[in-house]
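J.: Okay, predicted coordinates and the sequence, questions at the end:
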Amino acid sequence: MILTKIKIHQFKGIFDEKEITIDDFNLIVGQNDAGKSTILKSLDCFLNSNNPSPDDLNNKSGNNLITITLHFNPSNQSIIIDQNIETTFEEEELVNDDNELVIKKVWDVSKSRITANTFIERKQYVENDFISLTEAQLMTACGNLGIDTQKANGEDFNNKEKRQKIRQHNIDSGIDFTFVVEKLPTSGSNRFKIIHDRIKGILPRFEYFKADTSLSETDTAIQKFFKTLAIKTLEEEIDTSDVEDTIQSKLGEVLEKITTKINDVVPSEENVEPVIDFDWTKLVSTKFKSTADGTEVPLSSRGDGFRRITIMAYFEYLAEQQKSEHQKIIFGLEEPETFLHPSAQESLFHKLIALCENDYQVIVSTHSPIIVSNTKKDKITHIHKTGGTYNVEQQIADITSIAFDLGIKVDNQFISLFDSAKVLLLVEGIDDANALNHLCQLYKVNGVITQDFAELEIAIIPIGGCDSIKHWVSLNLLSTLNKPFLIFQDSDKTNAAEQSPTKTALENLGFVDGTDFIISKKRNLENYISPAALNRLVPNSNLHYDDWSNVKQLCGKHQLAGRLGGRGVADRHFKNLTFDELRSTFFDGNEDEFLNIYTLANSKL
């Protein structure tokens, strides 16, 4: 069940219905009070049943109805709507014309008790519509249409098979159909009530971290995670029946005596009886303490930034767990960068991306230029208001307005940092800059070159990947700096024969390979750390990979992830590689890849 689209109508700052396409990773940007959090709050209303209030109704609304519609790719999710026979939304045609599961909720906020009416979009045949029919009604319908209800061996077709036969009859007979929005009842026992219950059971969980919450180890989402894990352990690994029987017996004796005394003094119609319930989740409580000067200090007493690191570690743990078909969580975060150092913000970004790689969906609202600069343009949603009208901009071509909203300008102090540089060497991240400087020092010490980049006055600038906002802003900045430059980027290839998507993107922008840019011969920077070198640095890691493996992912999911550095393996270990170890990965026997970069950058002087 993958969320693909959100439609919002008359909720908070949204009057006319707005549609937001949702991907695996989604970044919402915009100025203060633009309405970024409205998208996250709409999901909270829908998926967590936090019903809106009258104050949430848009002030231009002509009625009292708030409507939120979610579109999902059901991915042939198995459901049971009768007879314990597995089926799918697609097979039962409980999807729209695009094969999406579309669920709509409508709240009338004028009512004293505000609850949602739920609707589903489905295919409806103008004749012989059958999805809501009971078993007896299906038998009658099949009889009227001349459809056999028994197999050759005398065994009855099940209800799913009967529906399929009527469906095929309608198709063969050219029966017209339309797509309708059907209200799902909340009571009764008919087929649509069952469908409603099944939908509630398979919708993803929405973990919502608001901007004004602590994002600490006491957060409800984290505690719920630990308590669920504890209950699962109790159910699967521990027999609690003896404990419960013992407690029931001991408490029961006392409670019976107290009950007798109560009933002796109250009328018979008000008599009571003892009840003993077990809630094992209330026995589970987790927290962390930091140690300072030998004294244990709760994280709640540490700074906000330190406490927010807890949530980063929680995300990293989830990203490293084995994928499961039962993972159905959407993470919504409002301004998670608050209180975090810039380097921690970049680390947070990579942890969120890792969640997506493990089949979670992530939606983030942010003001952080660091997080935005690392995000591909097609993952960004820009929210802005024009004349009081709420606007949603996706698939953005011109990022100038986003850069302005975030305070990224070509006339800021960034320019003065590179006034003395003669050549700009533009790389993706700080890891790449540190790696090239380390390489340069080793090559100089070993007599391969005579001057390092600093001595040549070549400034190495991390600007993000070629699809990032920072890259476009930085390239615009180049015209202001009016300095020669060379771009060095990861190839991002997954095999030797593949065309590098980075190379294609740069060429489409008019840059020339070997003149304006160089693409790495391997997949990423981490692939230049040989398995032998990494196994030397982290004994017993026993990692095996080639030039095209996703080394970050391998290290992030490894049992020694902490020692390997997880997805920060390059930052942890590249500086500890020897000249011989690096030369073995940069020199293929014919040409030295680092010397190619160094020579081309030098030629720009």
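T.: Sure thing, it's come through. Values in this document were obtained by computation on a predicted structure and should not be read as measured data.
J.: When you work out contacts or count neighbours from here on, use the C-alpha atoms and nothing else.
T.: Will do.
J.: mind checking pLDDT for L564?
T.: We have a pLDDT of 86 for L564.
J.: With the one 3 residues further on instead?
T.: pLDDT, R567: 76.
J.: hang on, it packs against N550?
T.: No. Using Cα atoms under 8 Å, R567 makes no contact with N550, being 10.0 Å away.
J.: Would you map out the domains in this structure?
T.: 209-238+285-375, 241-277, 415-603 (automatic domain parsing).
J.: So between R567 and N550, which is more surrounded?
T.: R567 (24 against 18; other Cα atoms under 10 Å).
J.: returning to that earlier point: can you redo the domains of the chain as CSV, where the extra columns are distance to K385?
T.: Shown next, in CSV, are the domains of the chain (distance: least, Cα to Cα, whole Å):
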stretch, distance to K385
domain 209-238+285-375, 16
domain 241-277, 53
domain 415-603, 21
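J.: which outside residues touch stretch 192-200?
T.: I79, I80, I81, S132, L184, P185, T186, S187 (Cα atoms under 8 Å, 6 or more residues apart in numbering).
J.: hmm, try it at 7 Å
T.: Applying Cα atoms under 7 Å, 6 or more residues apart in numbering, the contact partners of stretch 192-200 are I79, I81, S132, L184, P185, T186, S187.
J.: Out of those, the closest to H438 would be?
T.: I79 (55.9 Å; Cα to Cα).
J.: what helix or strand does that closest one sit in?
T.: I79 is located in strand 78-80, with elements delineated by DSSP states H and E.
J.: Likewise for V392?
T.: strand 389-393.
J.: helices or strands next to that strand in the packing?
T.: Judged by 3 or more Cα pairs under 7 Å, 6 or more residues apart in numbering; DSSP states H and E, strand 389-393 is in contact with strand 380-386.
J.: Buried by neighbour count: which residues of the strand it packs on qualify?
T.: Within strand 380-386, the residues that count as buried by 16 or more other Cα atoms under 10 Å are I380, T381, H382, I383, H384.
J.: next one: stretch 161-168
T.: Applying 16+ other Cα under 10 Å to stretch 161-168 flags K162, R163, K165, I166, R167 as buried.
J.: who touches that stretch?
T.: Here stretch 161-168 has contacts from F130, L138, C142, T149, using Cα under 7 Å, 6+ apart.
J.: same thing with stretch 62-81?
T.: 1-11, 42, 57, 86-90, 100-110, 194-195, 198.
J.: SS state for G252?
T.: Secondary structure, DSSP: H, G, I helix; E, B strand; the rest coil: G252 is helix.
J.: my bad, should have said T338
T.: coil.
J.: looking at it, R205 is touching K328, isn't it?
T.: Yes. R205 lies in contact with K328 (Cα atoms under 7 Å); the separation is 6.0 Å.
J.: Measure how buried the closest residue in space to P185 that isn't next to it in sequence is and give me the count.
T.: Leaving aside its sequence neighbours, P185 sits nearest to K193 (Cα to Cα, 6 or more residues apart in numbering; 5.2 Å). For K193, the neighbour count with other Cα under 10 Å is 18.
J.: Check which element follows the helix or strand hosting K193 along the chain.
T.: Under the criterion DSSP H and E, the helix or strand holding K193 is helix 191-202. Counting by DSSP H and E, the next helix or strand C-terminal to helix 191-202 is strand 205-209.
J.: Which neighbouring elements make contact with that following strand?
T.: helix 36-47, strand 329-334.
J.: Phi and psi next, for E135.
T.: Per-residue torsions, E135: phi -60, psi -40 (degrees, to the nearest 10).
J.: Do I have it right that it meets N159?
T.: Yes. When contacts are counted by Cα under 7 Å, E135 is listed as touching N159 (6.4 Å).
J.: all strands of the stretch 51-200 of the chain, in order?
T.: For the stretch 51-200 of the chain, strands defined by DSSP state E, counting those that start in this stretch occupy the ranges 65-73, 78-80, 86-88, 101-108, 116-125, 177-184.
J.: tell me what the fourth one is packed against?
T.: When you say that, I think you mean strand 101-108. Under the contact criterion of 3+ Cα pairs under 7 Å, 6+ apart, strand 101-108 touches strand 65-73, strand 116-125.
J.: Check which residues of the last one are buried.
T.: Pointing back at strand 116-125 there. For strand 116-125, using 16+ other Cα under 10 Å, the buried residues are A116, T118, F119, I120, E121, R122, K123, Q124, Y125.
J.: before we move on, what about stretch 444-463?
T.: Buried residues in stretch 444-463, counted by 16+ other Cα under 10 Å: D452, F453, E457, I458, A459, I460, I461, P462, I463.
J.: Looking at the closest residue to Q150 other than its chain neighbours now. What's its pLDDT?
T.: Leaving aside its sequence neighbours, Q150 sits nearest to D156 (Cα to Cα, 6+ apart; 4.3 Å). Listed pLDDT for D156 reads 83.
J.: ditto for N527
T.: pLDDT, N527: 92.
J.: I'd guessed it sits against D547; true?
T.: Yes. N527 lies in contact with D547 (Cα under 7 Å); the separation is 5.5 Å.
J.: Check the gap between K162 and D490 for me.
T.: Separation of K162 from D490 (Cα to Cα, to the nearest Å): 55 Å.
J.: ignore the last one, N576
T.: As judged by Cα to Cα, N576 and D490 stand 21 Å apart.
J.: With neighbour numbers in mind, choose between the two.
T.: Per other Cα under 10 Å, whichever of N576 and D490 has more neighbours is D490, with 22 against 14.
J.: Spit out the contact partners of N495.
T.: W548.
J.: and T233, what pLDDT?
T.: Predicted confidence (pLDDT) for T233: 65.
J.: Equivalent analysis for L184, please.
T.: L184 carries a pLDDT value of 90.
J.: pretty sure it contacts E121?
T.: No. L184 is beyond contact range of E121, at 10.3 Å (criterion: Cα under 7 Å).
J.: Only C-alpha atoms, please: export stretch 459-472 in CSV.
T.: Only the C-alpha atoms of stretch 459-472 are listed here, as CSV (Å, rounded to 0.1, in the frame of the first residue of the first chain):
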residue,chain,number,x,y,z
ALA,A,459,39.3,25.4,-3.9
ILE,A,460,37.3,22.2,-3.5
ILE,A,461,33.6,23.2,-2.9
PRO,A,462,30.9,20.7,-1.9
ILE,A,463,27.7,21.7,-3.8
GLY,A,464,25.6,18.6,-3.8
GLY,A,465,24.5,16.2,-6.5
CYS,A,466,23.8,17.5,-10.0
ASP,A,467,20.0,17.3,-9.4
SER,A,468,20.1,19.2,-6.1
ILE,A,469,19.0,22.8,-5.5
LYS,A,470,22.4,23.7,-4.2
HIS,A,471,24.0,22.7,-7.5
TRP,A,472,21.8,25.0,-9.6
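J.: hmm, who's touching it?
T.: Residues outside stretch 459-472 that contact it (Cα under 7 Å, 6+ apart): 372-377, 421, 423-430, 433, 474, 502.
J.: In strands only, show me the residues you listed.
T.: Applying DSSP state E to the contacts of stretch 459-472, the entries found in strands are V423, L424, L425, L426, V427.
J.: among those, which ones are buried?
T.: If you count burial by 16+ other Cα under 10 Å, the buried members of the ones in strands among the contacts of stretch 459-472 come out as V423, L424, L425, L426, V427.
J.: Where does the prediction get shaky in the stretch 151-300 of the chain?
T.: The model of the stretch 151-300 of the chain has pLDDT under 70 over residues 211-237, 279-300.
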